[in-house]
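J.: sequence first, then the predicted structure, then my questions.
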Amino acid sequence: MCGIAGILNFNPGAPERGSSEGQTLAQQPEMEAIRRMTGAMAHRGPDAVGTYTDGPLTFGHLRLSIIDLSSAANQPFTDNSGRYVIVFNGEIYNYNEVKQKLKEYAFRTTSDTEMIIAAYAAWGPACLAHFRGMYAFAIWDKQERELFVVRDRLGVKPLYYFSDSERLIFASEQRAILATGWVERKADPEALLDYFSYQSVSYPYSMVKGIRQLEAGAWMKIKNGRIETKVYWDVTSTRVDFDFSDVAAVKKRIRELMLQSVERRLVSDVPVGAFLSGGIDSSAVVGLMAEAGDARPNTFNICFEEEEFDESAYAEIIARKFNTNHTRILLKPTVFLDELKNGLDALDIPSGDGINTYVVSKAIRQSGMTVALSGAGGDELFAGYPFFDQYLRLRNMGGLWKLPLRKTFANVLSWGQSYGKKARMGQMLQLPGNSIDHLYPVFRQIISPRTLGELTTLDVCGSKGTAVGRELLGKRASLDRLALLSQVSAAEYLGYTQHTLLKDTDQMSMAVSLEVREPYFDQDLVEFVLATPDAIKKPVYPKSLLVESLKPLLPDEIVHRKKKGFLFPWELWLRNELRGFGDTHIKQMAQRSFIRPDRLLEHWKRFLAGDKDIRWVELWLFIVLDYWLEKNGVEV
């Protein structure tokens, strides 16, 4: 796991080629900018820093050593021919398998980095079909003067870029691009709309105008100032050749793919641990770790003295069953308050969530781990959220969207309601139909258009809608070809999962130099489960297909337990311990140009007075954004 940065100058002079840091080109503006970029995200790679420049191209790299710990594997890395140079962030889990297909290349390291560059030299962009992993990397072709930049299929690893008439700049973090000083620090109104709607910023935007996210499963080629982009994998267009009429065979295959996914993510030259909450998803990962490896798995559970938060008893059951090296990390709930500013400072992109991930990641890193497996993604893949069942019921109620007085009924249903089931159903009935591209953006909403319109001047009713809604609409035809439950999973991968769950995991874990690997985001596993019919996948009990496929791996106490999760009293804290912090940032936010100041201040006042119609999370999004804008010097 690492951090990457690069600058491609579209109008270079004619400097000496193939120079490295310390030579004459070190004084060029690009090299100075690269140093600022790597400095801005030094947390991503404490083990080594490297730079490279060749005419118009300058690379920077920060290394967190996981595979081949020797300095020979440091980056930027040049292939044997001297033609290709790479900077790489992530892991290719099946790199040893791919190496066996590259017989003519003389490897001088045991790193996955060298495998990538050898595969690209042999196959070009077609090499991506061979890779299984999480990655963002860039390869410079010195002969063709061409830059190739790519991001993994499911968007586990981030990649941001900025392009104008002079240059293209890319990095693992948005803050690194801002550190160049070449990008105006101006917030993007489109990003603001998505942030308040979904507590995160969706593709293609970042919070800063002009900085973009590279689409998951896509690559860019840049040559002679021209940018070519291509989507090489699309979660809505996956196809699997399998006889799904044989239910036993389906479950057997899911077990094989789950085990394969976990085995892949155990590849490492440093110890690997695992988050263990005691829930189905993390318990399944730990059980398969024990099955896949000879050594005892290292497991970590965050526990609390307060019974309403603590789930450690369930984690202990799994730790004993699989004989793990188990570590209980006792935390006070107030540690989340103590670490709040550190967590907010870690945000590269503002997010309404993520503080929990920061605290847990920091605790595990301080326990000596560099790599940890996570159970994130199980709910999205195996229909674990309530919306999966709700979507099935809404699709069976299609007649509602054909009623002549539908919109009138919707207004009556949601009258005076700004949130809750009635408000959400009223909003859904206002939609043109009940397909996933219409319903999903409403289901995942944090602040409704009505409330957002009251508090801001953002164009909440504009024809463009949110980025999430536009992307789903553009993929409607391919989404419609999926089974209904798989439509929800695909929408999750394009929405919440990619832009909130995975982004928060990356930025909060890498803030403390911890690599997190997610077995439920394995390409082969995802493709197979998305192809599985609803009749097999529909849960009889929570995630029953996963549990039945792994039987007898998980004990009943785990399968049928009541899920708790990190439900800390942020509402109470915001009215008490965090009241001064919140008051400062709400008042500062009220002065920004897109805010209706009187409305926002009244909203805050009503919340502090205990008004049940005002949710803490709505105000929290304003507080976090103001903190982020102030810290990063971004104007609206």
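T.: All right, it came through fine.

J.: from residue 570, how far off is residue 398?
T.: 38 Å (CB to CB, to the nearest Å). Using the backbone N, CA and C atoms, a C-beta is placed for each residue, glycine as well.

J.: so for the two, which residue has more residues nearby?
T.: Ranked by neighbour count (other CB atoms under 10 Å), residue 398 and residue 570 place residue 570 first, with 15 against 11.

J.: quick one: residues in contact with the helix or strand of the chain with the lowest mean pLDDT.
T.: Across the helices and strands of the chain, mean confidence by mean pLDDT, DSSP states H and E is lowest for helix 406-413: a mean of 74. Applying CB atoms under 8 Å, 6 or more residues apart in numbering, the contact partners of helix 406-413 are 400, 403, 422, 425, 426, 427, 428, 429, 430.

J.: before we move on, what about stretch 586-599?
T.: So stretch 586-599 is contacted by 189, 192, 454-458, 600-601, 604, 619, 622-623, 625-626, 629-630, 636 (CB under 8 Å, 6+ apart).

J.: now do the strands in the stretch 201-350 of the chain.
T.: With strands called from DSSP state E, counting those that start in this stretch, the stretch 201-350 of the chain shows them at 211-213, 218-223, 226-231, 272-275, 298-303, 325-330.

J.: ugh, typo on my part, it should be the stretch 1-150 of the chain
T.: With DSSP E, counting those that start in this stretch as the criterion, the stretch 1-150 of the chain has strands at 2-9, 48-54, 57-63, 77-78, 84-92, 133-141, 146-151.

J.: that older thread, which of the contacts of helix 406-413 fall in helices?
T.: With DSSP state H as the criterion, helices contain 422, 425, 426, 427, 428, 429 from among those.

J.: spatially nearest residue to residue 524, not counting backbone neighbours?
T.: Ranked by CB to CB, 6 or more residues apart in numbering and with sequence neighbours excluded, the top spatial neighbour of residue 524 is residue 257, at 5.6 Å.

J.: tell me which residues touch that neighbour, please.
T.: By CB under 8 Å, 6+ apart, the contact set of residue 257 is 522, 524, 525, 528.

J.: show me the shaky parts of the stretch 101-250 of the chain.
T.: Along the stretch 101-250 of the chain, no part satisfies pLDDT under 70.

J.: can you map out the helices along it?
T.: Ranges of helices in the stretch 101-250 of the chain, per DSSP state H, counting those that start in this stretch, are 112-123, 174-178, 189-198, 247-264.

J.: okay, buried residues for the first one please.
T.: Read it as helix 112-123. By 16 or more other CB atoms under 10 Å, the buried positions in helix 112-123 come out as 112, 113, 114, 115, 116, 117, 118, 119, 120, 121.

J.: next, count neighbours for residue 363.
T.: Around residue 363 there are 20 residues (other CB under 10 Å).

J.: what helix or strand is it located in?
T.: helix 355-366 (DSSP states H and E).

J.: next SSE downstream of that helix?
T.: Following helix 355-366 toward the C-terminus (DSSP H and E): strand 371-373.

J.: just the CA coordinates for the helix or strand following that following strand, please, in CSV.
T.: Scanning forward in sequence from strand 371-373 by DSSP H and E, the next helix or strand is helix 378-381. C-alpha atoms of helix 378-381 as CSV (Å, rounded to 0.1, in the frame of the first residue of the first chain):
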residue,chain,number,x,y,z
GLY,A,378,-20.7,-8.5,3.1
ASP,A,379,-24.0,-6.7,3.5
GLU,A,380,-23.8,-5.2,0.0
LEU,A,381,-23.0,-8.5,-1.7
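
J.: let's number from 45 now, not from 1
T.: Sure, I'll start numbering at 45, so the last one becomes helix 422-425.

J.: tell me the mean pLDDT for stretch 555-562?
T.: Looking at stretch 555-562 alone, the average pLDDT works out to 96.

J.: other residues contacting it?
T.: If you take CB under 8 Å, 6+ apart as the criterion, stretch 555-562 is touched by 45, 87-90, 108, 110, 135, 178, 200, 309, 316, 390, 402, 405-406, 408-409, 413-418, 420-421, 546, 549-550, 553.

J.: repeat the analysis, applying 7 Å as the threshold.
T.: Identification of contacts with stretch 555-562 by CB atoms under 7 Å, 6 or more residues apart in numbering yields 45, 87, 90, 108, 110, 200, 309, 390, 402, 405-406, 408-409, 413-418, 420-421, 549, 553.

J.: next one: stretch 176-186
T.: Contacts of stretch 176-186 (CB under 7 Å, 6+ apart): 48, 50, 98, 101, 103, 127-138, 160-161, 164, 191-196, 200-203, 214, 216, 308, 566-567.

J.: could I get the ones in helices among the contacts of helix 450-457 as CSV with pLDDT and neighbour count?
T.: Shown next, in CSV, are these (pLDDT from 0 to 100; neighbours: other CB atoms under 10 Å):
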residue, pLDDT, neighbour count
466, 77, 15
469, 82, 18
470, 82, 21
471, 85, 22
472, 84, 20
473, 84, 20
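
J.: between these, which is nearest residue 527?
T.: When the ones in helices among the contacts of helix 450-457 are compared for distance to residue 527 (CB to CB), residue 472 wins out at 21.0 Å.

J.: that older thread, just the buried ones from the contacts of stretch 176-186, in ChimeraX syntax?
T.: Entered in ChimeraX, the line below selects the buried ones among the contacts of stretch 176-186, by 16+ other CB under 10 Å:
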select :48,50,98,101,103,128,129,130,131,132,133,134,135,136,137,138,160,161,164,191,192,193,194,195,196,200,201,202,203,214,216,308,566,567
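
J.: if I look at residue 560, how far off is residue 92?
T.: For residue 560, the distance to residue 92 equals 21 Å [CB to CB].

J.: show me which of the two is the more surrounded one.
T.: Neighbours were counted for residue 560 and for residue 92 using other CB under 10 Å; residue 560 has more, 23 against 15.

J.: tell me which residues touch the residue nearest the centre of the chain, please.
T.: Ranked by distance to the mean C-alpha position of the chain (CA atoms, centre = their mean), the top residue is residue 546 at 2.0 Å. For residue 546, the contact set (CB under 7 Å, 6+ apart) comprises 199, 200.

J.: can you pull the contacts of residue 93?
T.: 82, 106.

J.: quick check, pLDDT for it.
T.: 96.

J.: that one bridge partners, please.
T.: In this entry, residue 93 is beta-bridged to residue 106, by DSSP bridges.

J.: ok, it to residue 103 distance?
T.: In terms of CB to CB, residue 93 sits 12 Å off from residue 103.

J.: and what of residue 86?
T.: Plainly put, residue 86 is 16 Å away from residue 103 if you go by CB to CB.

J.: same check on residue 196?
T.: With CB to CB as the criterion, residue 196 and residue 103 are 19 Å apart.
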